[in-house]
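Colleague: Sequence and computational prediction follow.
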Amino acid sequence: FYSSKGTLENEGLIQGLRDAGFFSHLENFNIDVCITAAQSVFSRVRKENLKVYDGIPETIKALHERGIKQIILTDAPAYQAQARLRFSKLGGFIDEIHSMPAAEIPDLPERFVKNRRAGISQFDLPNEKPHVDLEKVLGMTRERIRGGVAIIGDNMAKDMALAGLYGCLGIHAAYGAASPDLIERIKKFAPERVAARNTQVDSGAIIQGEVRTANSPEEIKVYLF
């Protein structure tokens with residue numbers, strides 16, 4: 001399942017395991033009970049590990065108050081971004097989410113369906129970063145993008161490569177990159193190509209625009225203000 005989807009953060013995980021016969025040896029297997037139990041564990045782990053860096057809420061709030069539009073571009077489905085924004089209480093400052101389309105999940109409990117519909121305005125991207133048509137997403141010309149857009153991200157091959165393609169300011173949030181041992185940990189249960197898909201290892205990207213490195217949220221304040 002991990003190899004085919006590239007993530008375990010997929011609401012169809014249990015359905016996929018069921019369809020592959022993973023639970024066939026169990027008597028009276030109830031998928032709703034299993035989904036509810038799994039979601040409870042995931043929520044607990046997320047609360048323990050998903051933290052907002054010091055300085056980020058103040059920065060995002062200040063940008064919002066200055067009327068600067070803030071947009072999320074993500075290769076994940078929008079509902080994942082929505083969930084993180086709800087948990088971090090930053091959703092009120094974000095204007096739009098542009099994301100990859102979410103797959104239709106069979107046998108999804110109704111309360112999960114409602115969560116997928118709620119939240120900030122969201123739009124589908126036809127391609128993953130860096131193959132994003134920023135002119136279409138932002139409704140701006142290349143010239144305006146080059147002079148008035150900053151892309152902040154922790155992945156050189158995706159986020160900063162996109163900034164390079166449009167010649168706009170790219171702020172590489174180095175402090176948000178994964179720990180060096182993450183790939184080795186993931187490779188224990190997934191192929192390396194999957195482990196490396198959304199985790200920066202080696203950029204391999206040719207950066208043509210202006211890219212600056214931020215080693216702390218405070219440096220983003222300096223760049224943007």
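Modeller: Perfect, thanks for sending it.
Colleague: Dump the longest strand along the chain to PDB, restricted to CA.
Modeller: Counting by DSSP state E, the longest strand found in the chain is strand 71-77. The C-alpha trace of strand 71-77 is given here as PDB (Å, rounded to 0.1, in the frame of the first residue of the first chain):
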ATOM      1  CA  ILE A  71      -1.700  30.400  -0.100                       C
ATOM      2  CA  ILE A  72      -0.700  26.800   0.600                       C
ATOM      3  CA  LEU A  73       0.600  24.700  -2.300                       C
ATOM      4  CA  THR A  74       0.800  21.000  -1.300                       C
ATOM      5  CA  ASP A  75       1.300  17.700  -3.100                       C
ATOM      6  CA  ALA A  76      -0.900  16.100  -0.400                       C
ATOM      7  CA  PRO A  77      -4.800  16.100  -0.500                       C
END
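Colleague: Pull out the buried positions in whatever helix or strand comes next after it.
Modeller: Downstream of strand 71-77, the next assigned helix or strand under DSSP states H and E is helix 78-88. For helix 78-88, a neighbour-count test (16 or more other CB atoms under 10 Å) marks 78-85 as buried. Any C-beta I mention is one placed from the backbone N, CA and C, and that applies to glycine too.
Colleague: Now name the helix or strand holding the closest residue in space to residue 212 that isn't next to it in sequence.
Modeller: Spatial nearest neighbour of residue 212, excluding adjacent residues (CB to CB, 6 or more residues apart in numbering): residue 171 at 5.6 Å. Secondary structure from DSSP H and E places residue 171 in strand 169-173.
Colleague: from the middle of its chain, how far away would that strand be?
Modeller: Relative to its chain's centre, strand 169-173 lies at 16 Å (CA atoms, centre = their mean, to the nearest Å).
Colleague: Tell me the strands beside it, with direction?
Modeller: strand 150-153 (parallel), strand 211-214 (parallel) (DSSP bridges).
Colleague: who's in contact with residue 38?
Modeller: By CB atoms under 8 Å, 6 or more residues apart in numbering, residue 38 lies in contact with 13-14.
Colleague: Next one: it from residue 139, what distance?
Modeller: Residue 38 sits 40 Å away from residue 139, going by CB to CB, to the nearest Å.
Colleague: just checking, the residue nearest to residue 212 touches residue 151?
Modeller: Yes. Between residue 171 and residue 151 a contact is recorded at 7.1 Å, counting by CB atoms under 8 Å.
Colleague: Between the two, which is the more surrounded one?
Modeller: Shown here are residue 171 and residue 151; by other CB atoms under 10 Å, residue 151 has more neighbours (25 against 22).
Colleague: Can you name the element that comes right after the helix or strand of the chain with the lowest mean pLDDT?
Modeller: When the helices and strands of the chain are compared on mean pLDDT, DSSP states H and E, helix 110-117 comes out lowest with a mean of 61. Sequence order places strand 122-124 as the next helix or strand after helix 110-117, per DSSP H and E.
Colleague: Perfect, that will be all.
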